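S.K.: any chance you can model this:
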Amino acid sequence: MEAKELVDSLNTVFEMEIQELDQGNETFRVCENDDEPIQYPHAETLIQLYANIRNNETLKSLFIDTLRKGIVNTESSFFVPYGVYTGISSLCFYTLVRVGYTNEAVGSLKKRKKGCEGLFSLIICMLSANYFDSTQLGEILLKTREITKTIELPDDRSKSKGAKLGDIIVNLRYAFLQRKVSRINIEINEDKRALSQKIDLLGFGPRYNRLLDGIDKFINTETEEFINSGLISDLRAFVSDLLKDIAHRIAKKEQEAIPSFPSHGEMGNIRKYLQDKLDYSEKDDKFVTAFIDILHSEGGHAFTSEKEYFRLARNIAIEIALFIVSKYERKYAK
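M.R.: Okay, here's the model as predicted:
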């Protein structure tokens with residue numbers, strides 16, 4: 001497909017959307033019992049069109065840019081006797097969100113200077129599907145407040161619809177905050193704070209705290225339920241590298257090399273050395289060993305790839321690190 005054909009295809013869908021709205025027909029409907037809460041046939045056509053051109057960066061950019069302009073620049077809302085919104089901004093907004101460009105859709109809504117009743121009505125219907133994160137909802141909320149404070153057109157129904165959407169968003173964002181707070185374990189975060197302070201005071205460098213903060217930023221936000229391999233690698237690096245760092249510091253202070261045993265790998269030698277030098281029990285060592293083995297094994301990758309299990313692994317890693325760093329501090333950092 002060439003650019004001219006894509007533009008012609010987009011305009012064909014837009015013209016059909018406007019024609020049906022001019023005839024007093026609703027172009028999308030809410031389906032409360034379906035997995036997808038909104039049925040929007042013209043958007044589905046655009047989504048299929050996008051699927052055919054998404055691997056062509058030039059055409060993809062043209063598609064996204066055209067829809068963004070459709071949100072920002074299309075004519076203000078016009079109401080036929082049935083109160084139906086005629087314009088393509090709602091179609092463009094919904095399509096952008098569905099193909100994964102929610103930030104672009106919300107950003108274009110913020111730039112819109114025309115009526116927004118149709119868009120606000122659509123967004124109200126979309127909220128039940130969790131298309132928007134808390135930050136995006138905050139941006140939409142600012143737009144509703146901008147509309148409701150506009151002094152022109154005091155009877156503009158964009159204002160009343162914006163006020164309704166704003167109230168719903170305030171409640172949703174509060175619910176997001178409650179869920180976020182409930183996920184945070186106060187005790188484990190006190191231990192994380194203590195660990196971070198010890199890492200700084202003992203001069204282990206900022207990398208370890210950056211790793212922990214990056215992990216926490218992910219698991220405490222509204223994100224998908226599966227963890228990518230990069231975060232699992234970050235957690236593995238945090239534990240392994242910190243133990244290596246402590247072991248090499250001890251060896252330097254003791255003026256000796258870390259013993260190497262043929263039956264042990266590098267981490268096995270590190271763990272054995274730390275157990276001997278920091279005087280922790282065989283039971284403690286088995287727990288540390290088992291946890292590190294989980295982080296490095298294929299089965300462990302499957303285990304930690306689910307967010308709640310990964311959260312548990314993060315908590316265990318903090319407790320192990322605090323346990324070993326504290327023992328090192330008491331014996332060697334005087």
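
S.K.: list the contacts for Ala194?
M.R.: Shown in contact with Ala194 (C-beta atoms under 8 Å, 6 or more residues apart in numbering): Leu322. Placement of C-beta: from N, CA and C, glycine included.

S.K.: that one sits in which helix or strand?
M.R.: Using DSSP states H and E, the element containing Ala194 is helix 186-201.

S.K.: name the residues of that helix that are buried.
M.R.: Residues of helix 186-201 classed as buried by neighbour count (16 or more other C-beta atoms under 10 Å): 191-192, 195-196, 198-199.

S.K.: pLDDT at Pro81, what is it?
M.R.: On the pLDDT scale, Pro81 is placed at 38.

S.K.: what segments of the stretch 51-200 of the chain are helices?
M.R.: 57-73, 89-98, 102-111, 117-126, 134-148, 157-183, 186-201 (DSSP state H, counting those that start in this stretch).

S.K.: what's the longest one packed up against?
M.R.: Other helices and strands packing on helix 157-183, by 3 or more C-beta pairs under 8 Å, 6 or more residues apart in numbering; DSSP states H and E, are helix 117-126, helix 134-148.

S.K.: helix 157-183 and the longest one, what's the angle between them?
M.R.: I take that to be helix 134-148. Orientation check (axes from the mean of the first three to the mean of the last three C-alpha atoms, to 10 degrees): helix 134-148 against helix 157-183 gives 150 degrees.

S.K.: check which helices and strands helix 134-148 is in contact with.
M.R.: Partner elements for helix 134-148 (3+ C-beta pairs under 8 Å, 6+ apart): helix 102-111, helix 117-126, helix 157-183.

S.K.: same question, the first one
M.R.: Using 3+ C-beta pairs under 8 Å, 6+ apart as the contact criterion, the neighbours of helix 117-126 among helices and strands are strand 38-39, helix 89-98, helix 134-148, helix 157-183.

S.K.: what's in contact with stretch 41-53?
M.R.: With C-beta under 8 Å, 6+ apart, stretch 41-53 has contacts from 1, 6, 9-10, 13, 16-17, 27-28, 59-60, 63, 67, 91, 94-95, 98-99.

S.K.: same check on stretch 65-76?
M.R.: 7, 10, 14, 46, 87-89, 91-93, 95-96, 104-105, 107-109, 111-112, 114-115, 119.

S.K.: ok, now stretch 251-267?
M.R.: Under the contact criterion C-beta under 8 Å, 6+ apart, stretch 251-267 has outside partners 240, 243-244, 247-248, 268-270, 272-273, 277, 292, 296, 332.

S.K.: gap between that stretch and the chain center?
M.R.: 41 Å (C-alpha atoms, centre = their mean, to the nearest Å).

S.K.: how about that stretch: buried residues?
M.R.: 258, 267.

S.K.: then stretch 319-329?
M.R.: So, applying 16+ other C-beta under 10 Å, buried residues of stretch 319-329: 320-325, 327-328.

S.K.: secondary structure added to the residues you listed, as CSV?
M.R.: Listed next are the buried residues of stretch 319-329 as CSV, based on DSSP: H, G, I helix; E, B strand; the rest coil:
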residue, secondary structure
Ile320, helix
Ala321, helix
Leu322, helix
Phe323, helix
Ile324, helix
Val325, helix
Lys327, helix
Tyr328, helix
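
S.K.: in the chain, which helix or strand is least confident?
M.R.: Using mean pLDDT, DSSP states H and E, the weakest-scoring helix or strand in the chain turns out to be helix 298-304, at a mean of 48.

S.K.: where are the low-confidence patches of the stretch 201-334 of the chain?
M.R.: Per-residue confidence for the stretch 201-334 of the chain (pLDDT under 70) gives these ranges: 220-229, 296-308, 334.

S.K.: strands along that one, start to end?
M.R.: For the stretch 201-334 of the chain, no strands are identified by DSSP state E, counting those that start in this stretch.

S.K.: isn't Ile168 right up against Leu127?
M.R.: Yes. Using C-beta atoms under 8 Å, Ile168 makes contact with Leu127 at a distance of 6.3 Å.

S.K.: okay, now Lys60: neighbour count?
M.R.: Look at Lys60: counted by other C-beta atoms under 10 Å, it has 16 neighbours.

S.K.: distance-wise, check it relative to Ala3.
M.R.: Lys60 is 11 Å from Ala3, where distance means C-beta to C-beta, to the nearest Å.

S.K.: ok, back up a step: just name the most buried of the helices and strands packed on helix 117-126.
M.R.: The highest mean neighbour count among the helices and strands packed on helix 117-126, using mean count of other C-beta atoms under 10 Å, belongs to helix 89-98: a mean of 26.

S.K.: read off the pLDDT value for Ile31.
M.R.: Rather than Ile, residue 31 is Cys. pLDDT, Cys31: 73.

S.K.: quickly note the distance from it to Pro262.
M.R.: 65 Å.
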